[in-house]
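Undergrad: Show me the folded form of this:
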Amino acid sequence: MGKNLFKTVAVSLFSVAVLLGGYSCSDDYPDDYLTEAQIRRMIEEALRQNNQELEPKFTKWEILPYTVLKEHWDWNPDAGRYQAIYDLPELTDFIYEEGAVLGYVFIGQQGVNEVQKLLPYVHTYNDADTPYTETISFDIQYKSEGVVQPTVAFFIQTSDLFGGDEYVEYLPDYNFRIVLVW
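TA: Residues are numbered from 1 along each chain as shown. The predicted structure follows:
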């Protein structure tokens, strides 16, 4: 038992001596290893480069409010609807071709019972002799007759196509929101 203990202690001491000797002969930062500062610098440079490459790919948007007063609605007898057309200079060719345009209308009184509805908004009324449906919608146009002239047009159309200039005074003012996403 004494010999086994002696062998175990001798092998252990020899192993410790080899490890200490090998460690003491090496430098702290050998050429084939990176320092912590070098690793941090590499990570920061990679993140900076990655962010520069991703910047144009991030989704961007712009929110544009429009208020259409009742006196701004024009009756279009050919289409059987009311319309109000506004310039939309924020609309670019890239947004028109590659992006998205969302439209919303606010129904109700602001701060009281207002709700935001995605366009087209369709509502059926049963308060007349014959029930009818009203559709509030919008269109965007980037070019008119080949000329860049971005516009947004808002529409109110009933299912019975009823309307006329003499009824404009009965239309409410509407607040719209156009969201450009690219």
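Undergrad: now the end-to-end length of stretch 159-176.
TA: For stretch 159-176, the first-to-last residue distance is 22 Å (Cα to Cα, to the nearest Å).
Undergrad: which outside residues touch it?
TA: Stretch 159-176 is contacted from outside by 65-71, 73-75, 77, 80-82, 103-106, 110, 119, 130, 132-136, 138, 154, 156, using Cβ atoms under 8 Å, 6 or more residues apart in numbering. C-beta coordinates here come from the backbone N, C-alpha and C atoms, glycine included.
Undergrad: Of those residues, which belong to strands?
TA: Mapping the contacts of stretch 159-176 onto strands (DSSP state E) picks out 65-68, 74-75, 81-82, 103-106, 132-136, 138, 154, 156.
Undergrad: Name only those of the residues you listed that count as buried.
TA: For the ones in strands among the contacts of stretch 159-176, a burial check counting by 16 or more other Cβ atoms under 10 Å picks out 66, 68, 75, 81-82, 103-106, 132, 136, 138, 154, 156.
Undergrad: where do the helices sit along the protein?
TA: For the chain, the helices defined by DSSP state H cover 2-25, 36-54, 93-98.
Undergrad: Which residues are in contact with the residue nearest to F94 when sequence neighbours are not counted?
TA: Spatially, and ignoring its direct neighbours in sequence, F94 is nearest to W182 (6.2 Å; Cβ to Cβ, 6 or more residues apart in numbering). Listed by Cβ under 8 Å, 6+ apart, the contact partners of W182 are 59-61, 92, 94-95, 98-100.
Undergrad: Quick one, which of those residues are buried?
TA: Counted by 16+ other Cβ under 10 Å, the contacts of W182 give I95 as buried.
Undergrad: List just the nearest of the contacts of W182 to A17.
TA: Closest approach between the contacts of W182 and A17, by Cβ to Cβ: T59, at 63.5 Å.
Undergrad: In this structure the closest one contacts L180, no?
TA: No. Using Cβ atoms under 8 Å, T59 is not in contact with L180, being 11.1 Å away.
Undergrad: That's all I had, so thanks and see you.
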